[in-house]
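Chemist: Sharing a model prediction with you, sequence too.
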2 protein chains.
Amino acid sequence: MSKYWNDKVKEIEPYVPGEQPKDKKYIKLNTNENPYPPSDKVIEAMKIAVNDDLKLYPDPTCSDLINEIANYYDLDKDQIFIGNGSDEVLAFTFMTYFSKDRKILFPDISYSFYVVYAELFDLNYELVKLDDNFDIPLDVLKKPNGGVIIPNPNAPTGKYIAVEELKKLVEANKDSVVIIDEAYVDFGGESMVKFIKDYENLLVIQTLSKSRSLAGLRVGFALGHKDLIEGLNRVKNSINSYTIDRVALAGAKAAIQDNEYFKEITKKIINTREKVVSDLEKLDFRVLESKSNFVFASHNRVSGKLIYEKLKDNGVLVRYFNKERIDNFLRITIGTDEEMSILVEKLNLILGEI
Amino acid sequence: MSKYWNDKVKEIEPYVPGEQPKDKKYIKLNTNENPYPPSDKVIEAMKIAVNDDLKLYPDPTCSDLINEIANYYDLDKDQIFIGNGSDEVLAFTFMTYFSKDRKILFPDISYSFYVVYAELFDLNYELVKLDDNFDIPLDVLKKPNGGVIIPNPNAPTGKYIAVEELKKLVEANKDSVVIIDEAYVDFGGESMVKFIKDYENLLVIQTLSKSRSLAGLRVGFALGHKDLIEGLNRVKNSINSYTIDRVALAGAKAAIQDNEYFKEITKKIINTREKVVSDLEKLDFRVLESKSNFVFASHNRVSGKLIYEKLKDNGVLVRYFNKERIDNFLRITIGTDEEMSILVEKLNLILGEI
């Protein structure tokens, strides 16, 4: 604490990301990274972009990358906003669309950064309680509000809402923006992107960190009506003109271009997930239905905390949240088939000993 | 304008960076980029960092890079904060140290982003008028305040304040933070970094964009007492856990390591600047004394706006600010000797025709 901090900084509780341990090599199933490397074409494009032009500022409008995404999703260029990871995009949405006088709504069990943003920017919010099946109660979200945020699929549950249901919510919510955070949508979900042309109040957020194997690159984006995008640009250009570096711009563009590789690895992860779900169920886990690159599971006999600790001792990192209602669950990222076999083997061992 | 923007977003006036034209090739002396490429060692380190590990998040604590800077400046690790360009660092300082109840002070002719931050975060501020020689009146800054920001050297004037004078200001200002924005200090100025151990209220901000030829990489940093740095980390970790990508971390580290190349190119730029000042004076320009990688000059006969336009027509871009008191000046970045010869040649031509 310092007398030079303002009151807000004294009171905020920053977000705590998953462990990134340096002490030893783990099978890392704790931060929802993709187990497969980025496309060769991404690596190649980035290597080319590492050149003497780094002395010059990058394109502040991210024009080439935006062209590529516009092309990929059949959108206009002014319907796309690029940020330094989807977390930055999310932070900017809180600064752009929300005000103190109307409550934002989002699920109580969800990406824990939403609460942090709301607190940081001094906004009122209501945590909407997931039902007993860990589903988001969409009807509750239809009450008057200053904005709605839904991660679809949700994290850490992995549960998914059909786009037809979300459309009804967007339609019922004309007075504020509905943000669909699609960080994990490429692992079996359907994107809301195709409905952007129909709604002025729909903003879709995606990232290259998960399905495009580029967590280390820091590129996320928002898709929506041009007025929503213009608002985000106003905020961004009041904070930092050049948020994306030259090499990241080149890598991101190549990642969007290589659709074939993207399809191949997301399919692999989906297949691995289905096998892991079945293996975990055989080990007496309850596994929530997942459309993401992780599963959320609790054991019917042994506590989540204990399994988390034992797995860590055995060189496998998963994510454990010490939080009401989910403190018996583990969030397990889908790795390669080989990594998941080791997980199952270790679980077998651990559960056998308890 | 959109009904979904909050009031703040409706009223803000975002910062406008210098032109980055794509229509044709200019001699680009308008955004204070370094005319020399980054060190070969930076290029090499970045190429190595473009690898399959991009699938993993970067180190959120920027530990390796911080070690390198700590070593370079003989600071502790907890006295260093890394941001996505010094603009992001500056934005975070406004969020960390300032409150609405006490006015921030900064010069009226200065980096125009300061006003944008103050407006965005709803802070009160006072623009302290530069004196008739375009010097910052340090005595005026000693009145009660909620924070002081001084770019040293100042931009766009290029004028420099001796560290002994700044020390007196920091000492007289124990109730709030004094931020010295040293984006241009490596071109002949002396850094305040060596006094960080003496003051709890001194924060120094630097960037790799100028003297290390890495405008395209987006890395800046703040140096100060560990409590000041902890405050910045609290804000950063409430917005975006991973602000610096893997390749940028590697490049920035290599840039700090290669001190020899850094010294060589900054010396070259200083030498070129001294020659250009003399050439401009011969052409009847008034040139303010500069310790930066640009000069600020007005012609005794012809308007700055006209010279700016004519230069642009002749393929040379410089920066013109249509702003009271400086609307007759041009800010000219120091390029290579060859580029500056062309500038002088074009000026000769243009001035001869008017």
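Modeler: Done, it's in. Numbers count the residues shown, from 1 in each chain, chains lettered A, B, ... in the order given.
Chemist: Give me the buried positions along stretch A:65-78.
Modeler: Neighbour-count burial for stretch A:65-78 flags A:L65, A:I66, A:E68, A:I69, A:A70, A:Y73, A:L75 (criterion: 16 or more other Cβ atoms under 10 Å in any protein chain shown). All C-beta spots, glycine's among them, are computed from the backbone N, C-alpha and C.
Chemist: same deal with stretch A:92-111?
Modeler: Result for stretch A:92-111 [16+ other Cβ under 10 Å]: buried residues A:92-99, A:102-107, A:109-111.
Chemist: just to revisit the earlier point, which of the buried residues of stretch A:65-78 fall in helices?
Modeler: A:L65, A:I66, A:E68, A:I69, A:A70, A:Y73 (DSSP state H).
Chemist: With distance to B:N32 and pLDDT added, can I get those residues in TSV?
Modeler: Compiled in TSV, those are given as follows (distance: Cβ to Cβ, whole Å; pLDDT from 0 to 100):
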residue	distance to B:N32	pLDDT
A:L65	25	98
A:I66	26	98
A:E68	30	98
A:I69	31	98
A:A70	32	98
A:Y73	36	98
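Chemist: can you pull out the helices in chain A?
Modeler: Here chain A has its helices, by DSSP H, at A:7-11, A:40-49, A:63-73, A:86-97, A:113-120, A:163-171, A:226-236, A:246-257, A:259-282, A:304-313, A:337-353.
Chemist: And the residue nearest the centre of chain A?
Modeler: A:A183 (3.5 Å; Cα atoms, centre = their mean).
Chemist: Return the residues in contact with the nearest residue to that residue once chain neighbours are set aside.
Modeler: Leaving aside its sequence neighbours, A:A183 sits nearest to A:T207 (Cβ to Cβ, 6 or more residues apart in numbering or on different chains; 5.0 Å). Going by Cβ atoms under 8 Å, 6 or more residues apart in numbering or on different chains, A:T207 touches A:G85, A:S86, A:A183, A:V219, A:G220, A:F221.
Chemist: got any ranges where the stretch 251-354 of chain A has weak pLDDT?
Modeler: Of all residues in the stretch 251-354 of chain A, none has pLDDT under 70.
Chemist: how about the residues of it near chain B?
Modeler: A:G251 (Cβ under 8 Å from any Cβ of the partner chain).
Chemist: need the contact list for A:V9.
Modeler: In this structure, A:V9 makes contact with B:M95, B:T96, B:G231, B:R234, B:V235, judged by Cβ under 8 Å, 6+ apart.
Chemist: out of these, who's near chain A?
Modeler: Okay, of these touching chain A (Cβ under 8 Å from any Cβ), that's B:M95, B:T96, B:G231, B:R234, B:V235.
Chemist: Check the contact between the last one and B:V89; I expect there is one.
Modeler: No. Between B:V235 and B:V89 no contact is recorded; they are 10.4 Å apart, counting by Cβ atoms under 8 Å.
Chemist: Those two - which one has more neighbours?
Modeler: Neighbours of B:V235 and B:V89, each counted by other Cβ atoms under 10 Å in any protein chain shown, are more numerous for B:V89; the result is 26 against 23.
Chemist: The more buried one and chain A: what is the separation?
Modeler: 9 Å (Cβ to the nearest Cβ, to the nearest Å).
Chemist: And for that residue, nearest residue in space, chain neighbours not counted?
Modeler: Nearest to B:V89 is B:G83, by Cβ to Cβ, 6+ apart, at 3.7 Å.
Chemist: which residues touch the one you found?
Modeler: Residues in contact with B:G83 (Cβ under 8 Å, 6+ apart) are B:V89, B:F92, B:V219, B:G220, B:F221, B:A222, B:L232, B:K236, B:T243, B:I244.
Chemist: quick one: stretch A:302-319 to chain centroid distance?
Modeler: Per Cα atoms, centre = their mean, to the nearest Å, the displacement of stretch A:302-319 from the mean C-alpha position of its chain is 23 Å.
Chemist: Sorry, slip of the keys, the one I care about is stretch A:150-168.
Modeler: That offset, for stretch A:150-168, works out to 12 Å (Cα atoms, centre = their mean).
Chemist: just stretch A:19-34 next, same as before
Modeler: With Cα atoms, centre = their mean, you get 17 Å for stretch A:19-34.
Chemist: Would you indicate which residues of that stretch are buried?
Modeler: A:Q20, A:Y26, A:I27, A:K28, A:L29, A:N30, A:T31, A:N32, A:E33, A:N34.
Chemist: Between the two ends of that stretch, how far is it?
Modeler: Terminal residues of stretch A:19-34 lie 16 Å apart, using Cα to Cα, to the nearest Å.
Chemist: quick one on the thing from earlier: from the buried residues of stretch A:19-34, list the ones also adjacent to chain B.
Modeler: A:Q20, A:K28, A:T31, A:E33, A:N34.
Chemist: What is the lowest-pLDDT residue among those residues?
Modeler: Lowest pLDDT of these: A:Q20, 79.
Chemist: Ramachandran angles for it?
Modeler: phi -120, psi 70 (degrees, to the nearest 10).
Chemist: got the contact list for it?
Modeler: A:T31, B:Y57, B:D59, B:P60.
Chemist: could you dump the buried residues of stretch A:65-78 to TSV with distance to chain B?
Modeler: Formatted as TSV, the buried residues of stretch A:65-78 follow (distance: Cβ to the nearest Cβ, whole Å):
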residue	distance to chain B
A:L65	14
A:I66	14
A:E68	16
A:I69	18
A:A70	17
A:Y73	21
A:L75	17
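Chemist: Which of those residues sits closest to A:I256?
Modeler: Ranked by distance to A:I256 (Cβ to Cβ), the buried residues of stretch A:65-78 are led by A:E68 at 4.6 Å.
Chemist: For that closest one, give me its contacts.
Modeler: Contacts of A:E68 by Cβ under 8 Å, 6+ apart are A:K253, A:I256, A:Q257.
Chemist: just to revisit the earlier point, redo the contacts of B:G83 as a markdown table? Include pLDDT and distance to A:E353.
Modeler: What follows is the contacts of B:G83, written out as a markdown table (pLDDT from 0 to 100; distance: Cβ to Cβ, whole Å):
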| residue | pLDDT | distance to A:E353 |
| --- | --- | --- |
| B:V89 | 98 | 50 |
| B:F92 | 98 | 48 |
| B:V219 | 98 | 48 |
| B:G220 | 98 | 51 |
| B:F221 | 98 | 48 |
| B:A222 | 98 | 49 |
| B:L232 | 98 | 46 |
| B:K236 | 98 | 42 |
| B:T243 | 98 | 42 |
| B:I244 | 98 | 42 |
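Chemist: Of those, just say which sits nearest to chain A.
Modeler: Using Cβ to the nearest Cβ, B:T243 comes nearest to chain A of the contacts of B:G83, at 6.3 Å.
Chemist: which ones are touching the residue nearest to the closest one when sequence neighbours are not counted?
Modeler: Excluding its sequence neighbours, the residue lying closest to B:T243 (Cβ to Cβ, 6+ apart) is B:N84, at 4.6 Å. Residues in contact with B:N84 (Cβ under 8 Å, 6+ apart) are A:N84, A:N240, A:T243, B:R218, B:V219, B:G220, B:T243, B:I244.
Chemist: Distance to B:S292 added to the residues you listed, as JSON lines?
Modeler: Formatted as JSON lines, the contacts of B:N84 follow (distance: Cβ to Cβ, whole Å):
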{"residue": "A:N84", "distance to B:S292": "27"}
{"residue": "A:N240", "distance to B:S292": "21"}
{"residue": "A:T243", "distance to B:S292": "24"}
{"residue": "B:R218", "distance to B:S292": "20"}
{"residue": "B:V219", "distance to B:S292": "19"}
{"residue": "B:G220", "distance to B:S292": "16"}
{"residue": "B:T243", "distance to B:S292": "26"}
{"residue": "B:I244", "distance to B:S292": "25"}
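Chemist: between the residues you listed, which has the most around it?
Modeler: B:R218 (32 neighbours).
Chemist: Give me the distance between that residue and chain A.
Modeler: 4 Å.
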